[in-house]
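>>> need the 3D shape of this:
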Amino acid sequence: MLTARQKFKKEKLSDYWSWIKAVWVNARGNPLTFDNRHYLKLVYQDQFRNIVYTKSAQMGLSERGISESIWVADQLDKVVLYTFPAQIQLQDFVQARVNPVISYSDYLKAKTENVDEKIHKLGLKKIGKGFIYFRGSTNEKQIITVDADMVVLDERDRFSQDSIPFIDKRMLGSELKWRREISTPTLPDMGIHKAYIDSDQRVWEIECKQCGLWQELDLFKNIDFDKNLCICKKCKKEMNRYADGRWNALKPERSEETHGYKINGLYNPMVTTEQIVKKYKKANINGFSELQQFFNQDIGVPYEIKGQSLQLSDIEKCRRDYISPYKVKLNTFAGCDVGNTKHHMIVVQKRGKSLLRVVWAGTLNNFFGPQDSVESVMETYGVQRLVIDKKPQTTMVAKLIAKYGKRVYACNYPNSNFSVQNYFAWDDVKRELDVDRTISLDYLISDIQNERIELPGNINSVESFYDQLRSSVRITEKNKRTGIETARWVEKKADHYLHALNYARMAQIGIKGSQALLDYYREPEEGLTPNFIDWVRINGMRMQ
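Reported below is the predicted structural model:
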């Protein structure tokens with residue numbers, strides 16, 4: 001087999017498109033081919049500084065991301081930070097998609113064979129004079145040690161929103177500053193879909209050979225579900241889904257900022273039209289979770305079903321005939337969501353066994369001081385226990401704990417295996433609380449829906465309070481390997497007050513704990529939301 005050096009002169013490798021054809025092989029050891037994947041040609045030839053790819057699964061974009069990263073290290077002698085949502089995904093990716101490529105490519109093997117084994121490890125690859133750092137997005141300590149020229153966010157919609165600024169700041173000292181986002185979408189106007197909406201919005205169009213209409217394929221306009229055919233949306237004649245076409249920017253005025261590519265699963269040559277129809281019909285029968293997976297993974301479009309987030313009416317029903325600030329110092333607890341500059345805080349009063357009254361909600365600029373501070377609110381309301389977001393200001397939170405002792409606990413949302421019966425753990429030594437994000441928010445949302453939370457009559461005057469309580473959406477995802485469904489709350493935009501209220505709810509629970517979710521709602525009370533009771537009974541076991 002001819003090596004890359006024999007196929008191309010050295011100077012041609014400085015062009016990424018030429019380098020790809022000469023150097024790159026996939027994880028099976030085969031050269032990259034664009035047969036029936038015409039949409040990828042211009043995608044590979046575009047090296048604009050900011051590019052967003054929203055896609056269905058198995059469309060060749062991760063290959064694009066990792067190959068360009070290696071080219072940047074190899075030919076530009078630059079540093080790339082390649083990130084995934086979690087470390088375990090990163091390990092699988094490197095072992096399955098990166099190491100085999102280096103092993104199969106004579107050119108890349110020669111570029112790495114003399115590298116010290118201590119350097120050439122799982123999380124770091126040295127290619128020529130350049131480096132690629134592979135990092136999980138949750139490991140901030142590892143991320144902030146990298147000064148990068150290019151960052152890649154692979155599976156962007158699974159990232160914690162708090163991780164994005166840390167990753168982007170790694171390019172502040174670089175002249176190159178290339179940025180790539182790659183992901184299947186989840187919800188409308190969130191994550192990769194929001195990034196695509198803000199871009200020049202490129203869509204892949206093919207021409208109907210019968211009537212001449214250029215069109216982007218659409219599941220419900222271009223698929224004949226009875227005949228299992230791809231048809232023209234205008235003349236209804238059969239079309240070739242894999243035909244060569246063109247990229248059309250719907251918002252060309254934004255092309256100087258960000259190039260955005262929408263890569264529709266209907267162009268996937270590995271899936272027949274009949275298979276697409278069967279998958280849709282099956283998902284339509286099996287319900288929300290499978291429908292979401294079908295539209296996100298198989299078609300590559302965001303999907304949201306109503307009823308998976310708080311409604312405006314849910315919040316309005318909790319308003320009562322009192323005004324905030326409601327000055328009390330008895331049975332008061334608080335939660336605070338910490339930001340880089342502003343902190344959102346909520347104080348509640350525990351009334352009876354399971355009723356909480358919000359007595360104050362607002363934003364603060366400081367941790368300490370006689371006013372406009374967490375300290376001043378603690379003193380004004382005699383807060384018995386504050387649960388506060390541990391990050392991003394761990395030092396200031398530690399100072400609060402030092403001042404107030406057992407009255408303050410720092411909260412983490414760890415990736416631990418909690419259950420419905422045991423969804424939180426207090427550490428009375430470290431003054432920390434670990435709590436399952438999904439289950440605790442399930443509790444909170446249900447309490448709001450069932451009016452266990454009382455809100456002051458003027459709560460609508462608190463800026464963004466309603467929006468932030470409603471900005472998160474509950475989705476369920478099925479593990480492709482195990483078939484097990486898991487649920488999580490995804491923030492479409494800022495949701496600080498939602499978490500502040502969640503922390504306040506946890507603060508009043510205390511170290512002894514509370515009833516499990518299934519016991520908590522064992523018998524529906526008068527007025528209790530039926531759909532939530534149904535959800536608990538049907539899906540409760542899925543979270544264990």
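
>>> residue 283: what secondary structure?
At residue 283 the chain is in helix, as set by DSSP: H, G, I helix; E, B strand; the rest coil.

>>> what of residue 400?
helix.

>>> state the phi and psi torsions of the closest residue to it other than its chain neighbours.
In space, and not counting its chain neighbours, residue 400 is closest to residue 408: 4.9 Å by CB to CB, 6 or more residues apart in numbering. Where you see a C-beta, it was placed from the backbone N, CA and C, and this is true even at glycine. When read as degrees, to the nearest 10, the backbone of residue 408 gives phi -130, psi 130.

>>> and the pLDDT at residue 408?
Listed pLDDT for residue 408 reads 96.

>>> surely it touches residue 431?
Yes - counting by CB atoms under 8 Å, residue 408 touches residue 431, with 6.5 Å between them.

>>> which residues are in contact with each of the two?
In terms of CB atoms under 8 Å, 6 or more residues apart in numbering, residue 408 and residue 431 are both contacted by the residues residue 401.

>>> the more surrounded of the two?
A side-by-side neighbour count of residue 408 and residue 431, using other CB atoms under 10 Å, places residue 408 first with 24 against 19.

>>> list the contacts for the more buried one?
Applying CB under 8 Å, 6+ apart to residue 408 gives the contacts 385, 386, 388, 397, 400, 401, 431.

>>> just the ones of those residues in helices?
Of the contacts of residue 408, the ones assigned to helices by DSSP state H are 397, 400, 401.

>>> now the residues you listed in a markdown table, with neighbour count, pLDDT and distance to residue 303?
Output for these, formatted as a markdown table (neighbours: other CB atoms under 10 Å; pLDDT from 0 to 100; distance: CB to CB, whole Å):
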| residue | neighbour count | pLDDT | distance to residue 303 |
| --- | --- | --- | --- |
| 397 | 25 | 95 | 37 |
| 400 | 23 | 95 | 41 |
| 401 | 19 | 95 | 42 |
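
>>> can you tell me which of the residues you listed is nearest residue 250?
Using CB to CB, residue 397 is the member of the ones in helices among the contacts of residue 408 that lies nearest residue 250, at 45.0 Å.

>>> the closest one contacts residue 390, doesn't it?
Yes - applying CB under 8 Å, one finds residue 397 in contact with residue 390, separated by 5.8 Å.

>>> any residues in contact with both of these two?
By CB under 8 Å, 6+ apart, the residues touching both residue 397 and residue 390 are 338, 410.

>>> domain parsing for the chain?
Domain assignment for the chain by automatic domain parsing gives 4-275, 312-543.

>>> tabulate the ones in helices among the contacts of residue 408 (JSON lines), appending distance to residue 16.
Shown next, in JSON lines, are these (distance: CB to CB, whole Å):
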{"residue": "397", "distance to residue 16": "45"}
{"residue": "400", "distance to residue 16": "50"}
{"residue": "401", "distance to residue 16": "51"}
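
>>> quick check: mean pLDDT across the helix or strand containing residue 313?
Using DSSP states H and E, residue 313 sits within helix 312-316. Throughout helix 312-316, pLDDT has a mean value of 89.

>>> just give the nearest non-adjacent residue to residue 174, would you?
residue 149 (4.3 Å).

>>> got the contact list for the one you found?
Residues counted as contacts of residue 149 (CB under 8 Å, 6+ apart) are 72, 76, 78, 79, 80, 171, 174, 175, 176, 177, 178.

>>> so the third one makes contact with residue 132?
Pointing back at residue 78 there. No - taking contacts as CB under 8 Å, residue 78 lies outside contact range of residue 132: 9.6 Å.
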